[in-house]
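Asker: sequence first, predicted coordinates after that:
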Amino acid sequence: MRSGESVAGAAAPSAPAYEFIVSSTDGPVGLVRLDRPKALNALATPVIAELVDAVERHQADPAVRAIVITGGPKVFAAGADLKEFSTASAVDMLSSDRIGYWDRLKNVWKPLIAAVSGFALGGGCELAMSCDIIIASETARFGQPEINVGLIPGAGGTARLTRIVGKFVAMDLVLTGRQITAEEALKLGLVSRIVPAELIVESAVALGKELAQKPPISLRFAKEAVQRSFEGRVDDGIAFERKLFYMLFATEDAHEGMRAFIEKRRPTYAGQ
Ligand code: CAA
């Protein structure tokens with residue numbers, strides 16, 4: 001069994017043959033695994049392009065209700081591909097807009113779970129922070145080491161890390177490029193759960209299945225509301241959340257949920 005393949009998975013039916021990732025489904029959970037072990041899953045442009053394509057296919061599949069992004073047991077991703085970047089000029093970077101691919105992850109409204117074992121460095125850490133929930137194995141190591149190669153984080157690392165861990169810890173991490181353990185990441189609020197390394201994918205898929213039981217429209221709105229509060233101003237997020245809260249009263253699921261609570265039974269959600 002290869003890295004990350006600790007759950008039975010069916011290949012996504014319409015998925016093209018990818019070179020750098022493996023895309024599959026496990027019930028209602030889409031699973032996208034980075035599979036470029038020789039380069040420690042370095043996120044070269046074609047790798048990100050395949051990853052985004054696979055995630056968008058899961059998003060478009062009505063049977064999928066949550067999406068897990070993972071890597072291998074020793075590395076989630078060691079960052080952008082420094083070999084690819086090493087010959088690029090500023091004009092190349094500007095005109096090719098390679099980081100532009102990452103923006104498409106922001107449009108994914110299904111829950112994105114990062115399941116991180118081993119190194120999540122640079123763009124690897126940024127990829128995890130682009131998700132909605134980060135589960136780490138005991139072996140996970142997070143960091144923004146770009147400073148050590150004459151760069152700075154380029155895929156949202158400074159902005160997101162600062163909002164998550166605060167100015168002074170973000171400065172420490174971004175300016176030194178040091179790695180932190182899963183335990184430190186948990187204390188800092190970067191990850192919400194730590195699981196044994198051998199259970200990382202199962203745990204993330206189990207969480208995805210748990211989310212798949214929730215009413216889909218509420219799930220979508222809850223994600224959108226948290227995202228708005230995180231990415232924008234807090235006041236803006238609260239006003240947005242309230243509007244969505246009111247709008248949910250137009251769904252059958254909200255009424256089914258309230259009725260079921262009163263009738264002391266399990267609700268059945270149709271996504272209507
Ligand atoms: N890009 C391209 N290749 C990489 C890579 C990267 N980011 N990280 C590792 N590799 C390659 C190595 O070059 C090496 O290839 P060869 O076998 O051909 O020499 C192979 O993967 C194994 O790597 P190491 O021998 O270095 O493995 P290690 O176990 O000794 O160290 C590591 C692991 C600490 C993760 C180390 O590889 C490392 O520091 N990698 C670079 C991390 C980094 O700087 N990331 C930031 C990239 S910039 C960025 O991400 C910008 C952004 O914001 C978008």
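Answerer: Thanks, I have the structure now. Residues are numbered from 1 along each chain as shown.

Asker: now for the residue nearest in space to the middle of the chain: which residues touch it?
Answerer: Per Cα atoms, centre = their mean, the C-alpha nearest to the average position across the chain is that of C131, at 2.4 Å. If you count contacts by Cβ atoms under 8 Å, 6 or more residues apart in numbering, C131 has them with 69, 112-114. For the C-beta atoms, the positions are set from N, CA and C on the backbone; glycine is no exception.

Asker: and it, that's in a strand?
Answerer: No: in this structure, C131 is coil, not part of a strand, as judged by DSSP: H, G, I helix; E, B strand; the rest coil.

Asker: poorly predicted segments of the chain, please.
Answerer: Scanning the chain for pLDDT under 70 picks out 1-15, 233-235, 237-239, 241.

Asker: 80 - rerun?
Answerer: Within the chain, the stretches with pLDDT under 80 are 1-16, 91, 94, 97, 231-246, 248-249, 261.

Asker: quick one: the strands in it?
Answerer: Per DSSP state E, the chain carries strands over the ranges 10-11, 21-26, 29-34, 66-70, 75-77, 112-116, 119-121, 133-137, 141-143, 179-181, 193-195.

Asker: if I look at E84, how far off is R36?
Answerer: Going from E84 to R36 by Cβ to Cβ, to the nearest Å gives 12 Å.

Asker: what do you get for Y101?
Answerer: In this view, Y101 and R36 are 16 Å apart by Cβ to Cβ.

Asker: between those two, which is the more surrounded one?
Answerer: Higher neighbour count among Y101 and R36: R36, with 22 against 19, using other Cβ atoms under 10 Å.

Asker: give me the number of residues near the residue lying closest to that one once chain neighbours are set aside?
Answerer: Spatial nearest neighbour of R36, chain neighbours left out: F20 (4.7 Å); criterion: Cβ to Cβ, 6 or more residues apart in numbering. By the measure other Cβ under 10 Å, the count of residues near F20 is 18.

Asker: so who does F20 touch?
Answerer: By Cβ under 8 Å, 6+ apart, the residues touching F20 are 34-36, 44, 46-47, 50-51.

Asker: any buried residues in stretch 36-48, and which?
Answerer: 36, 39-44, 46-48 (16 or more other Cβ atoms under 10 Å).

Asker: from the ligand, how far out is the nearest residue to F249 once chain neighbours are set aside?
Answerer: Excluding its sequence neighbours, the residue lying closest to F249 (Cβ to Cβ, 6+ apart) is H255, at 7.9 Å. Per Cβ to the nearest ligand atom, to the nearest Å, H255 is found 45 Å from the ligand.

Asker: next, count neighbours for H255.
Answerer: Other residues within reach of H255, judged by other Cβ under 10 Å, total 13.

Asker: and what of the one 10 residues further on?
Answerer: Other residues lying near R265 total 9 when counted by other Cβ under 10 Å.

Asker: specify the beta-bridge partners of the residue nearest to C125 when sequence neighbours are not counted.
Answerer: Using Cβ to Cβ, 6+ apart and skipping residues adjacent in sequence, the residue nearest C125 is F142, 5.0 Å away. Legend: beta-bridge partners of F142 under DSSP bridges are A120, I180.

Asker: can I get stretch 81-99 in CSV, CA atoms only?
Answerer: What follows is stretch 81-99, C-alpha atoms only, in CSV (Å, rounded to 0.1, in the frame of the first residue of the first chain):
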residue,chain,number,x,y,z
ASP,A,81,9.0,23.8,-6.7
LEU,A,82,12.3,25.6,-6.1
LYS,A,83,13.7,23.9,-9.2
GLU,A,84,11.0,25.4,-11.3
PHE,A,85,11.3,28.8,-9.7
SER,A,86,15.1,29.0,-9.7
THR,A,87,15.2,30.1,-13.4
ALA,A,88,12.2,32.3,-13.4
SER,A,89,12.5,36.1,-13.7
ALA,A,90,10.1,38.5,-12.0
VAL,A,91,8.5,39.1,-15.4
ASP,A,92,8.0,35.3,-15.9
MET,A,93,6.4,35.1,-12.5
LEU,A,94,4.2,38.2,-13.2
SER,A,95,3.2,37.2,-16.7
SER,A,96,2.5,33.5,-15.9
ASP,A,97,0.8,34.3,-12.6
ARG,A,98,1.6,30.8,-11.3
ILE,A,99,0.1,31.5,-7.9
